[in-house]
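[1] Mind looking at a prediction? Sequence and model below.
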Amino acid sequence: MAGKPDPYAGIDFEEINEATGLEPDEIKCLKTCFDLFDAKKQDYLSADDLDEILRAMGFRPSKEELMEILKEIDEDGSGEIEFAEFCQLCAKFLVEDPDIETMKRELKDAFRIYDKNGEGFITMDTLRGLISELLAPLTDEELDGIIEELDEDGSGTMDFDEFCEMMMSTPQS
């Protein structure tokens, strides 16, 4: 690989880490993303680029919101987003843990998708289908074991509190 320039040359990993809490591997990943959006190889992104990035991430900012975000992250007021500023923007999405109320609201929305009849519970059949889809390939025995573990009270259903507990628990290895 001699002759190929180091794509990470000139990046002050320590400074970005202190400002954002991002780890070096996350910073490298963001540099790859930044370079993809910096199609003109100008070493900065414009407000239009920022709009495109946010939309790609599923956000639909108004022009006013976009200008507000740009003003917040464009520390030097250049109207251009340099790599370090890009990292600060991304860190807001990567590092900050959502507060418990936001998580509960998002879990409630997810729960409603599977509680199709609005009965306040998900049947084990529905859960079985979901788990087999997410964790495929599973044998019937493995699937039965997971369902048995999740249905602690043997009711054959999972209510919202059980769903939250399942979604927020850390997998044990």
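    Now that the structure is in, tell me what you want to look at.
[2] What helices and strands are in contact with the one helix or strand in the chain whose mean pLDDT sits lowest?
    The weakest-scoring helix or strand in the chain, judged by mean pLDDT, DSSP states H and E, is helix 160-168 (a mean of 78). For helix 160-168, the packing partners by 3 or more C-beta pairs under 8 Å, 6 or more residues apart in numbering; DSSP states H and E come out as helix 100-114. Every residue, glycine included, has its C-beta placed from N, CA and C.
[3] tilt between the helix it packs on and helix 160-168?
    Angle, helix 100-114 to helix 160-168, by axes from the mean of the first three to the mean of the last three C-alpha atoms, to 10 degrees: 110 degrees.
[4] elements contacting helix 100-114?
    helix 124-134, helix 160-168.
[5] Same list as before, the ones you listed that is, but in a markdown table and with distance to Met103 included.
    Converted to a markdown table, these look like this (distance: least, C-beta to C-beta, whole Å):
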| stretch | distance to Met103 |
| --- | --- |
| helix 124-134 | 19 |
| helix 160-168 | 7 |
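[6] Do you have the strands of this structure handy? List them.
    121-123, 157-159 (DSSP state E).
[7] Can you list the strands that the last one pairs with?
    Next to strand 157-159 in the sheet, as set by DSSP bridges, lie strand 121-123 (antiparallel).
[8] what's the model's confidence in the partner strand, averaged?
    For strand 121-123, the mean pLDDT works out to 88.
[9] sorry, back to before: can you add distance to Leu30 and mean neighbour count and give the strands of the chain back as CSV?
    Below are these laid out as CSV (distance: least, C-beta to C-beta, whole Å; neighbours: other C-beta atoms under 10 Å):
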stretch, distance to Leu30, mean neighbour count
strand 121-123, 37, 19
strand 157-159, 37, 19
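[10] Pipe those strands into CSV and attach distance to Lys71 per row.
    Listed next are these as CSV, based on distance: least, C-beta to C-beta, whole Å:
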stretch, distance to Lys71
strand 121-123, 44
strand 157-159, 45
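[11] follow-up on the earlier one: quick one, which of the helices and strands packed on helix 100-114 is nearest to Pro24?
    helix 160-168 (28.5 Å; C-beta to C-beta).
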